[in-house]
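[1] My questions are about this predicted structure, shown below with the sequence.
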Amino acid sequence: MTGATRTTCPYCGVGCGVLATPGADGRVAIKGDPDHPANFGRLCSKGSALGETLSLDDRLLHPRVVGERATWDRALDHVARAFSDAIRDHGPDSVAFYVSGQLLTEDYYAANKLMKGFIGSGNIDTNSRLCMSSSVAGHKRAFGSDTVPGTYEDLELADLVVLTGSNLAWCHPVLFQRLAAAKAARPGMRVVTIDPRRTATSELADLHLGIAPGADVALFNGLLLHLAAGPRLDAGFVDRHTSGLAGALGAAAGFDIRTTARTTGLSPAEVERFFNLLAATERVVTVYSQGVNQSSAGTDKVNAIINCHLLTGRIGRPGMGPFSVTGQPNAMGGREVGGLANQLAAHMELDNPAHRALVRDFWNAPRIADRPGLKAVDLFEAVHDGRIKALWIMATNPAASLPDADRVVAALGRCPFVVVSDVVRDTDTTRHAHVLLPSTAWGEKDGTVTNSERRISRQRAFLPPPGEARADWWQMAEVARRMGFSGFDWDGPSAIFREHAALSAHGNDGRRDFDIGAHAEIDVAGYEGLAPFHWPRPAGQGPRQRFFGDGKFHHPDGKARFVATPWRPARGQTSAARPLILNTGRVRDQWHTMTRTGKAARLTSHYAEPFVEVNPADARALGLAAADLALIESDRGGALLRVLVTERQRPGAVFAPIHWTGQQAARARVDALVASHVDPVSGQPESKFTPVSLRRFQAAWYGFAVSRRRPVVSDLDYWALAPVEGGFRAELGGADAPDDWPAAMTALLEPAEGADVLAYRDVARGLYRFAVYEAGVLSAALFVAPEPVEIARGWLIGQLGRALDGAERLRLLAGRGGDAAADPGALVCSCFSVGVNQITAAVKAGAQSIDAIGSCLKAGTNCGSCRMEIGRLIDACSTAKAG
Ligand code: SF4
C-alpha cells in the first residue's frame, strides 16, 4: 500500500497490525495489516475508528508549570529540582513514578532505569497492576518466570477452549474473531465460557457456566480432583517435571461435584458436564483475563487453572495450555523491562543479588533498588499519608481508574509535587498536577509494544508531534540528565531498544526466559524495518513459539510448581445494607477512560451514557424500571447511572462499565465505589466484587438534548455527554425541576443572539420541548419529560445542522419522524452505523441469519465485533414470533 505506515493498534493486548495512511485533507485512513500475524488484516470497531480519534482539540500541547505555560527547559528543570530535593531531604523512597501499559517499551525502559538504577528506589508501578499482575504472580509461582506458554494459534488448534473471566468478544475482539472463525471451520471444536454474566462471548459457547462471583478457585480445585482421579493424570509429566501436587490436591480436598456445585452456584449437572468435557479432550486452552486477575484471590485463581494444565501435561504443545490475555497494548512490554514495583528488568528479580549486580553493572548505575517498591494501591496510600513527596504520573488517569478513586483524588490534592505527562489537557488527574508535560500520542509515537502472545511489534509515527509534544522517554532522559545522571543520552528509541535487547542477553546462562539478544546490535534502519516477532530471540538462535512443551521450567530445579490454592471467599461480603455485588468491566466500543474512543461519534453510539445492568428480578424488588436513573453506593463512594434491565445479569449482582469519567458524565467514576482490597501476592485490586446498594434516583425531570455546541451541564444532577456527527448529545436529569424552563434551556444550550427558538409546553404533563435554529438550521434541541424521554434519538441527532421547513419544524417539536427507517436505534454495527431498529426490521423482512443481515445491511461484515449481538437480535425476534 503506497504511503501507508505499518504500526500497531494502541488499545487492547491483542496487538493488531494497522496500516495508517494520512491523506492530503488531514484525515488518516486506517486498515488492518494483512501481513501482521496477530490479526491478518482484521480490526475491531475500536481499531477501525482510530482515524476518527486524532483531533487536537483536547490535546495538551505545551508544558505548564503551576497552571502557566512554560518552556520545556523551565518545566524539566523544575521537575528535576523537585525530585532531587525530595531525595536529598527524605531519601529515594520519598519519590515515585506511576506509569502505564499505554507506554511504549522504550518509555517504560527509561522510567524503570531512572527509578530503580539511578534514584535507587523500587517505587515505580503501573496501571498494569490493575490488569494482569495476578497473572504475573501466578506464572512466577508455577513456572519460575513470567512466561505466557502459548500463542494465539493455540486457540485455533485447540479442540476445547475454556474462557474464564474473559469477555473476549468485547475486550479482545480480533482474537475472538479468530476463535469464532476456527470454530466455524471445525464445528467439532467446543467452547465453554465461565462468567457470572452472560456476555457476547457466551453466544459462541457450547456451555456457559454462570458461576457465582469469586468462586473460580472452587471450580478449578474440583476439576483438579476430578482429573487426578481419572486417566487424564499424566503421571510421567508430573513426576519428571513438577513438584507440589500433594499440596495442591490437599488444598482441593472435599471439592467433589456436589460441593463444587454448591460453592460455585452451578448445578451438579453443569459441573459434571464441564469436568467430563475437560477429561475427554486433550487439546485444551484455558483463556483467562480480568475476571480472574482482578480479585483478592486472583493469583490463586491463576494457579488453580495452571494446576489443571500441569496435572494433565497439557502445556506448551500445539492447542494446549493456560493463556492469559492482557488488557493493555503494552502490559507485556512493561513486564519485560520491569515496570512493576516488584520486578527488576529483562525478567530479572529484585530479590536476587546476582540479578541486581548484573543490572547495576550493565547500567553502570550508582546504586540499584534492593527491595520491591510500593504497588499501586499502597503507593497512593503513601501519597495520601505524606510519605511520597514527589510523584510523576505518565499516560494514565488514576483519579478515575484506581480503586477507592475519591481517596486517590484526595491523595493527589495533598501531594507536595505532582507531575503528569499526558496527551490530554483536562482529565480527573491532570487537574492536580503542579507540572504538566505534553506527550506524543498514538500516530506520533515511535517504539515497540508486546502483545499477549509475546509478539513484539513496532508502533511507528505517521504524524508530526503537535505543538511542543515530546516522547515520554525523552522527558525522562532529560530529567535524568538534569538530576546529574549519565546513561540517558539516547538519540532515539532505536538506541533504547538496542540497550534493552543487550540487557536481556547480559549474563543470561539460558535460565532467563526473556532474551532478545538477537537484536542487541540493531541499527536505526533495522529498527525502522523491524518485523513483528515472538520473544525469545536469543542471539544465534531461530524463532521459538512455545514454552514448556519440553517440561523445562525456570525454577532452579527446572521443575514447575503445583500451588496449593485453598478456596476462600472474596474479601468484601454483602449485607442487608449492601445486598448486591458490583462487577466492573468494559464495553465493546470504548477503551479505558475514553480519551480517544470517546471522540468517535460512531463508537459512543453503542452506549452513549454510563449504565448499570440489573437482573429483572432485582429491578422489580428495588422498584426500578428500564431507563430509570439509579444511585449505586458502596462503603467507599457512589455513582449515578442509567438502569439497564437485562437477563444477562445474574440475580444479586450488577455490572457497570469503567469508562466514564468526570469529563463525560456527572457522577460515573465507578472505581470510586471499589474498595482497595488487593490480592495478597500480586497486589491486584478486587474490581469484580464490591458490595453495593442500588436505589431509584427520584428524578423530577429527564431530558435529552442535541446541540452543535457542547451543552453547559455542570450544574445538573445527572448529565452524560457524547459526541455526534456535527455536535453533541446529552442525557440529562434532575431531582428538582427548574421554575423557568426557557431560562434553563438558555443556560444549557446558549442559543446565539437572534436565534429562532421554537417551544412547546404541556405544563399538566410536564413536557417541555425547545428547538433552536441559527442561520436557518437546527443548532440545538431539548426534550424534557417527567419520565425517561422517549424520542427517536438517532432521528433527532440526524436533524442537527439541517434546514427544516415549517412542517418539518412542527414535526420535530412533536417528536415525530422516528420510524425504523429514519431512526436506526441503538447502534449495533459501528463500522456501517447500523442500529437495532434496522436489524430488527430486516429480520422481520426475512433475513434470518447473520450473513443474511450482512448481505442486506452490511452489518457485521467488516470487523465482526457485532456479529454476536446480531445473532442475539435474530434469536430475540424468532422467540417473539414463536411466542
Ligand atoms: S482487537 Fe481491536 S482494540 Fe484490540 S488490538 Fe485489535 S483492533 Fe485494537
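    Noted; the coordinates are in hand. Numbering: from 1, shown residues only.
[2] all contacts plus neighbour counts: C-alpha atoms, from now on.
    Will do.
[3] so how far is Arg669 from the residue located most distally from the centre of the chain?
    Within the chain, the residue lying farthest from the chain centre (C-alpha atoms, centre = their mean) is Gly806, at 47.4 Å. According to C-alpha to C-alpha, to the nearest Å, Gly806 stands 43 Å off from Arg669.
[4] do the same with Phe176
    From Phe176 over to Arg669 the distance is 28 Å, taken as C-alpha to C-alpha.
[5] more neighbours, the two?
    Neighbour count, other C-alpha atoms under 10 Å: between Phe176 and Arg669, Arg669 has more, with 32 against 22.
[6] With adjacent residues omitted, what lies nearest to the more buried one?
    Excluding its sequence neighbours, the residue lying closest to Arg669 (C-alpha to C-alpha, 6 or more residues apart in numbering) is Thr661, at 5.3 Å.
[7] Can I take it that the one you found is in a strand?
    No. Using DSSP: H, G, I helix; E, B strand; the rest coil, the assignment for Thr661 is coil, not a strand.
[8] tell me the contacts of Leu749?
    707, 709-712, 780 (C-alpha atoms under 8 Å, 6 or more residues apart in numbering).
[9] try Leu340
    Leu340 neighbours (C-alpha under 8 Å, 6+ apart): 124-126, 128-129, 334, 375.
[10] Same question for Leu673.
    Counting by C-alpha under 8 Å, 6+ apart, Leu673 has contacts 403-405, 633-639, 690.
[11] quick one: which of those is nearest the ligand?
    Nearest to the ligand out of those is Pro403 (C-alpha to the nearest ligand atom; 23.7 Å).
[12] what's in contact with the longest helix along the chain?
    In the chain, ranked by residue count with DSSP state H as the criterion, the top helix is helix 72-90. By C-alpha under 8 Å, 6+ apart, the residues outside helix 72-90 that reach it are 63-65, 92-95, 119, 389-390, 417, 419, 435, 437, 475, 478-480, 482-483.
[13] Next secondary structure element downstream of it?
    Next helix or strand after helix 72-90 toward the C-terminus (DSSP states H and E): strand 95-99.
[14] Quick check: neighbours of that next one in the sheet, parallel or antiparallel?
    strand 124-126 (parallel), strand 390-394 (parallel) (DSSP bridges).
[15] contact partners of that strand?
    83, 86-87, 108, 111, 115, 123-127, 339, 376, 379, 388-396.
[16] Stretch 417-425 now?
    58-61, 79, 82, 389-396, 412, 429-430, 432-441, 469, 472, 595.
[17] just those residues that are near the ligand?
    Subset of these in contact with the ligand: empty, counting by C-alpha under 6 Å from any ligand atom.
[18] How about Arg710, nearest residue that isn't a chain neighbour?
    Spatial nearest neighbour of Arg710, chain neighbours left out: Phe728 (6.1 Å); criterion: C-alpha to C-alpha, 6+ apart.
[19] picking up where we left off before, how much space separates the residue farthest from the centre of the chain from Thr565?
    Counting by C-alpha to C-alpha, the gap between Gly806 and Thr565 amounts to 71 Å.
[20] Flag every residue of the stretch 151-300 of the chain that's near the ligand.
    So far as C-alpha under 6 Å from any ligand atom goes, the stretch 151-300 of the chain lies against the ligand at 172-174.
[21] Select from the residues you listed the one having the most neighbours.
    Val174 (28 neighbours).
[22] quick one: secondary structure of that residue?
    Under the three-state scheme (three-state DSSP), Val174 adopts helix.
[23] In contact with it, which residues?
    Counted by C-alpha under 8 Å, 6+ apart, Val174 has contacts 14, 16, 39, 42-44, 863, 865.
[24] Also within reach of the ligand: list those from those.
    14, 16, 43-44.
[25] What values do phi and psi take at Ser324?
    Per-residue torsions, Ser324: phi -90, psi 120 (degrees, to the nearest 10).
[26] Check the gap between it and the ligand for me.
    15 Å (C-alpha to the nearest ligand atom, to the nearest Å).
[27] one step back: ok now do the residue nearest to Arg669, which residues does it touch?
    Counting by C-alpha under 8 Å, 6+ apart, Thr661 has contacts 400, 428, 593, 667-669.
[28] Can you check the residues you listed and name whichever has the most neighbours?
    Arg669 leads the contacts of Thr661 on contacts (other C-alpha under 10 Å) with 32 neighbours.
[29] Wait, a strand at Ala780?
    Yes. Counting by three-state DSSP, Ala780 is located in a strand.
[30] hey, what's Val424 bridged with?
    Using DSSP bridges, the beta-bridge partners of Val424 come out as Arg59.
[31] quick one: the strands in the stretch 751-883 of the chain?
    Listed in chain order, the strands of the stretch 751-883 of the chain (DSSP state E, counting those that start in this stretch) span 756-762, 767-774, 777-785, 827-829, 834-835.
[32] ok, now the stretch 151-300 of the chain?
    Secondary structure of the stretch 151-300 of the chain (DSSP E, counting those that start in this stretch): strands at 160-164, 190-194, 207-209, 242-243, 284-288.
[33] Output these in CSV; the columns should cover mean neighbour count.
    Output for the strands of the stretch 151-300 of the chain, formatted as CSV (neighbours: other C-alpha atoms under 10 Å):
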stretch, mean neighbour count
strand 160-164, 25
strand 190-194, 24
strand 207-209, 21
strand 242-243, 20
strand 284-288, 25
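[34] Would you reformat those strands as TSV and include mean pLDDT?
    Converted to TSV, those look like this (pLDDT from 0 to 100):
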stretch	mean pLDDT
strand 160-164	98
strand 190-194	98
strand 207-209	98
strand 242-243	98
strand 284-288	98
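[35] right, and those strands - which one's nearest Tyr152?
    Minimum separation from Tyr152 across the strands of the stretch 151-300 of the chain (C-alpha to C-alpha) falls at strand 284-288, 10.2 Å.
[36] neighbouring contacts of the closest one?
    154-155, 158-166, 278, 305, 314, 319-325.
[37] Inside helices: which ones of those residues?
    The helices, defined by DSSP H, take in 154-155, 278, 305 from the contacts of strand 284-288.
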